[in-house]
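Student: Sequence and predicted model, in that order:
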Amino acid sequence: MASNSWQPTASIETLAFRAQVLAKIRDFFHQRQVMEVDTPILSQAATTDLHLDSIHTNQGYLHTSPEYPMKRLLAAGSGAIYQLCKVFRAGEQSQRHNSEFTLLEWYRPNWSDSQLRDEVRDLLGLFLPTQQVQTLSYQQVFQQYIQLDPHGDDLQKLQNAAAQQGLSGADTCTRDECLDFLISVVIEPQLPKDFLVFITDYPASQAALAEKHQNDQGHWVAKRFEAYFGGLELANGYFELTDAGEQRQRFKNDNEQRAKVGKSTMPMDEHFLAALDAGLPACSGVALGVDRLIMLACGAQHIDEVVAFPFHRA
């Protein structure tokens, strides 16, 4: 082991700046009368999301997000709430990823996703220049940057486009696999770097825990948005699904997809589903990556520069 491996990868000055960011976030929500909550990081259930893998311990699963217990609090009458916490995702290690990272998540009862986007802009404005904002639908960014219609074009056209951009085995990929590849490899690098960009109305198949609605062309899309700044995806927000039966079916569909690709199926969170059945208020919620925000705010190029001890030194 290297003699300096005990040292933090972030400078003490950066860690002091990090502390200031966390304090400003808490003050932001205090001023807006949003209550800070603290929920378990260890659960008997896990995420069923095909693209996320929970870390399993002999006591249960480390959470990938505090979403389920926070929604239980909303159903219990908490009102507007936020949480700053560590979350854990297996296999995430790169320039922008660490298996353990800090997430800010908050929920606003009786707010639309548009209202929540405004609040995301206000929060980010404490640290980044967000005076200029561009809001585009998922369909618009595909049409603008790659001249494809993600809702209307057939699968073969999407597979051909993905193959041309270098996706190996594109001819056997699903629609969502092609779209995910194209948006991450082709579109995201072309997004403006100097102002805030919101992408809205994701395909209905990518709704996760969001409500769905029909767009102007009659396609069913998710009431979901993502926020980008400086080429980084910072936040993922939803107008939240409140139907327990629909959510249970989505969990089942997720597990079926996991089984098809050889992944373990995950235990569904029955406490969360019971809370939905009891009545989750209409609300919007968003999760924001704090480490990435700090990277942008201080000009860091690697996540290791803004955390004390990334996984390889933990």
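Tutor: Everything's here; your move.
Student: measure residue 185 to residue 146 for me?
Tutor: In this structure, residue 185 and residue 146 are separated by 10 Å, where distance is defined by Cβ to Cβ, to the nearest Å. To be clear about C-beta, it is placed using only N, CA and C from the backbone, and glycine gets the same treatment.
Student: before we move on, what about residue 110?
Tutor: Per Cβ to Cβ, residue 110 is found 37 Å from residue 146.
Student: which one of the two has more residues nearby?
Tutor: Using other Cβ atoms under 10 Å, the more surrounded residue of residue 110 and residue 146 is residue 146, with 17 against 11.
Student: distance of the nearest residue to the more buried one once chain neighbours are set aside from residue 193?
Tutor: Here the nearest residue to residue 146 in space, its sequence neighbours aside, is residue 186; by Cβ to Cβ, 6 or more residues apart in numbering that works out to 5.4 Å. Here the criterion is Cβ to Cβ. By it, residue 186 lies 16 Å from residue 193.
Student: cool, and residue 291?
Tutor: As judged by Cβ to Cβ, residue 291 and residue 193 stand 19 Å apart.
Student: neighbour count winner among these two?
Tutor: In terms of neighbours (other Cβ under 10 Å), residue 291 is the more surrounded of residue 291 and residue 193; the figures are 21 against 12.
Student: What pLDDT is listed against the more buried one?
Tutor: On the pLDDT scale, residue 291 is placed at 98.
Student: same thing with the one 4 residues further on?
Tutor: At residue 295, the pLDDT value in this model is 97.
Student: Could you do residue 57 as well?
Tutor: As summarised for this prediction, residue 57 has a pLDDT of 96.
Student: need the contact list for the residue nearest to it when sequence neighbours are not counted.
Tutor: Nearest-residue entry for residue 57: residue 42, 7.2 Å, with adjacent residues in sequence omitted and distances by Cβ to Cβ, 6+ apart. With contacts defined as Cβ atoms under 8 Å, 6 or more residues apart in numbering, the neighbours of residue 42 are 57, 59-63.
Student: Return the two entries of these that lie farthest from one another.
Tutor: Greatest spatial distance in the contacts of residue 42: 59 and 63, 12.7 Å, computed using Cβ to Cβ.
Student: So for these two, which residue has more residues nearby?
Tutor: Ranked by neighbour count (other Cβ under 10 Å), residue 59 and residue 63 place residue 63 first, with 26 against 9.
Student: longest strand in the chain, by residue count?
Tutor: The longest strand of the chain (DSSP state E) is strand 100-109.
Student: how far does that one sit from the chain's center?
Tutor: Its chain's C-alpha centre and that of strand 100-109 lie 9 Å apart, by Cα atoms, centre = their mean, to the nearest Å.
Student: tell me what that strand is packed against?
Tutor: helix 67-75, strand 81-88, helix 113-124, strand 283-289, helix 290-298 (3 or more Cβ pairs under 8 Å, 6 or more residues apart in numbering; DSSP states H and E).
Student: quick one, helices of the stretch 201-314 of the chain?
Tutor: Residue ranges of the helices in the stretch 201-314 of the chain, as given by DSSP state H, counting those that start in this stretch, are 244-260, 270-279, 290-298.
Student: ranking these by burial, who's on top?
Tutor: Burial of the helices of the stretch 201-314 of the chain is given as mean neighbour count (mean count of other Cβ atoms under 10 Å); helix 290-298 ranks first at a mean of 21.
Student: angle of that helix against strand 81-88?
Tutor: Put simply, helix 290-298 runs at 100 degrees to strand 81-88, going by axes from the mean of the first three to the mean of the last three Cα atoms, to 10 degrees.
Student: What lies in contact with helix 290-298?
Tutor: Counting by Cβ under 8 Å, 6+ apart, 14, 17-18, 21-22, 25, 84, 96, 98, 101-104, 124, 127-128, 229-230, 232-234, 300-303, 305-307 sit against helix 290-298.
Student: Filter these down to the buried ones.
Tutor: By neighbour count, with 16 or more other Cβ atoms under 10 Å, those hold 14, 17-18, 21, 25, 84, 96, 98, 101-104, 124, 127-128, 229-230, 232-234, 300, 303, 305-307 as buried.
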